[in-house]
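Participant: Pasting a predicted model and its sequence here:
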Amino acid sequence: MEDDRWKETAGALSPMDVCDMLSTCLSSTYFVFNEVYYKQVYGTAMGSPVSAAIANMVMEDLEERTIPALLVQPRVWFRYVDDTFVICHSDEVGIIHEAINKTFSSINFTIEEEKNGALPFLDTLVARDPKGALKVTVYRKPTHTDRYLDFKSCHPMEHKRSVVHTLSKRARDLPSTFEDKMSEVDHLQNVLRANGYPDSLLPNRKTIRASPHNRLRPREQPKGWCVLPFVPGVSQRVGRILKSAGVRVSFTPVFTLRQALLRVKDKLPRKDRSGVVYVVPCGCGAEYVGETGRTLGQRITEHQKAFECNYPSRSAIAKHGLKEGHTPLWDRVDILGSTPNRNRRRVLEAWHTEETVTSITQEVVDLPVAFDPLLCKRSRHSVL
């Protein structure tokens with residue numbers, strides 16, 4: 001809170017104001033499953049930006065209450081969020097475990113003790129030799145398949161280089177002995193070859209031995225940022241043009257296997273979707289294209305009321321219907337696209353308005369002339 005940026009953006013917000021906002025966020029988590037709405041009454045939502053911070057705060061509170069009051073003190077206590085690495089005498093394990101489980105009735109910790117002088121902790125395996133010295137190596141679960149992003153997959157080269165860089169960095173930083181570092185490098189070479197990577201990209205013993213320092217060169221601050229869908233042969237060219245103009249570009253897959261196979265949330269009814277670009281057909285064959293940040297049902301209800309109550313100034317489709325004596329087809333409203341960003345919705349609105357052969361005119365964003373060759377005017381009336 002002492003940061004200057006905080007003072008500039010927070011303005012007159014007091015700590016109590018921040019606590020009130022946080023309380024609202026934590027008590028307003030709802031979700032729908034099988035068309036039934038639920039409210040989360042305890043804990044924080046998975047994926048919420050505030051969840052990690054709250055988890056750390058709860059664990060810090062638990063440690064401050066529990067550790068000083070223990071009859072026996074652990075020799076080592078390392079924690080990452082809710083995973084804790086503890087070194088204590090074997091006779092003290094049960095005492096410590098019981099004490100931390102009594103702190104909060106709703107939180108119960110499981111325990112895993114060392115086996116054969118070794119204990120996995122996150123991505124590492126901590127082992128001790130007969131003299132009691134500890135060494136660290138890379139740990140892989142028994143279910144690990146050594147499958148990574150295939151080199152032949154439809155992803156930008158930056159993503160594939162990132163796979164090699166991440167695995168190489170782990171091989172350099174995690175193992176505590178030189179022999180284990182070299183063993184990890186040999187393993188990575190075999191694994192990456194099996195995933196189709198050429199030898200020119202593979203890590204080697206020389207690169208792992210090199211110091212990670214002095215590798216990062218100061219980057220010139222870009223004028224802007226841009227995220228583009230990755231289309232081989234097209235996205236790279238557009239990226240080079242933007243890069244020459246000082247815009248940094250990142251690529252994202254157009255369609256992933258997760259999107260094809262996994263639906264973690266119930267599909268919202270059309271009327272309950274928000275941030276959409278929609279089309280309302282008229283009985284005469286004309287179409288009205290609009291956008292809204294609210295739910296589609298709310299916006300269509302406003303159009304209907306403007307038409308039924310004779311308020312043409314409140315709706316372009318109502319004005320058209322009242323003037324021409326036509327009736328909009330409210331039951332054939334369709335969604336053309338969706339995005340929470342209003343500027344993007346307005347561009348989509350302009351695009352679909354230009355595509356419509358018989359569009360009901362309204363004020364929209366002017367598309368650059370560069371879009372003209374891509375436009376193919378057609379009517380969606382027969383589709384709805």
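Facilitator: That came through fine.
Participant: E184 contacts T177, correct?
Facilitator: No - between E184 and T177 there is no contact under CB atoms under 8 Å: 10.5 Å. Yep, even glycine has a C-beta here, placed from its N, CA and C like the rest.
Participant: Which one's more surrounded, the two?
Facilitator: E184 (21 against 11; other CB atoms under 10 Å).
Participant: ok, the residue nearest to that one when sequence neighbours are not counted - contacts?
Facilitator: Excluding its sequence neighbours, the residue lying closest to E184 (CB to CB, 6 or more residues apart in numbering) is A171, at 4.0 Å. By CB atoms under 8 Å, 6 or more residues apart in numbering, the contact set of A171 is V138, K181, E184, V185, L188, P203, I208.
Participant: What separation do you get for A171 and V138?
Facilitator: 7 Å (CB to CB, to the nearest Å).
Participant: Find the residues that touch each one of the two.
Facilitator: Common neighbours of A171 and V138 (CB under 8 Å, 6+ apart) are E184.
Participant: the helices in the stretch 151-300 of the chain, which residues?
Facilitator: 157-173, 178-194, 205-209, 235-244, 257-261, 296-308 (DSSP state H, counting those that start in this stretch).
Participant: So for L125, which of those sits nearest?
Facilitator: Closest to L125 of those, according to CB to CB: helix 178-194, at 9.8 Å.
Participant: counting contacts, what elements does that closest one pack onto?
Facilitator: strand 134-138, helix 157-173, helix 205-209 (3 or more CB pairs under 8 Å, 6 or more residues apart in numbering; DSSP states H and E).
Participant: Could you count how many residues lie near N343?
Facilitator: Applying other CB under 10 Å, we find 9 residues neighbouring N343.
Participant: my guess is Y42 meets S106, correct?
Facilitator: Yes - with contact defined as CB under 8 Å, Y42 counts as touching S106 (6.6 Å).
Participant: Give me the most central residue, the protein.
Facilitator: Centroid check for the chain by CA atoms, centre = their mean gives G47 as the closest residue, at 8.2 Å.
Participant: low-confidence ranges in the stretch 151-300 of the chain?
Facilitator: 209-220, 264 (pLDDT under 70).
Participant: From A306, how far off is the residue nearest to E184?
Facilitator: 65 Å.
Participant: hey, where'd the strands end up in the stretch 51-200 of the chain?
Facilitator: 76-80, 83-87, 118-121, 124-128, 134-138 (DSSP state E, counting those that start in this stretch).
Participant: For these, could you give me a markdown table that also reports mean pLDDT and mean neighbour count?
Facilitator: Shown next, in a markdown table, are these (pLDDT from 0 to 100; neighbours: other CB atoms under 10 Å):
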| stretch | mean pLDDT | mean neighbour count |
| --- | --- | --- |
| strand 76-80 | 91 | 12 |
| strand 83-87 | 91 | 15 |
| strand 118-121 | 92 | 16 |
| strand 124-128 | 92 | 17 |
| strand 134-138 | 93 | 17 |
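Participant: can I get those strands in JSON lines with distance to P15?
Facilitator: Below are the strands of the stretch 51-200 of the chain laid out as JSON lines (distance: least, CB to CB, whole Å):
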{"stretch": "strand 76-80", "distance to P15": "26"}
{"stretch": "strand 83-87", "distance to P15": "29"}
{"stretch": "strand 118-121", "distance to P15": "35"}
{"stretch": "strand 124-128", "distance to P15": "38"}
{"stretch": "strand 134-138", "distance to P15": "40"}
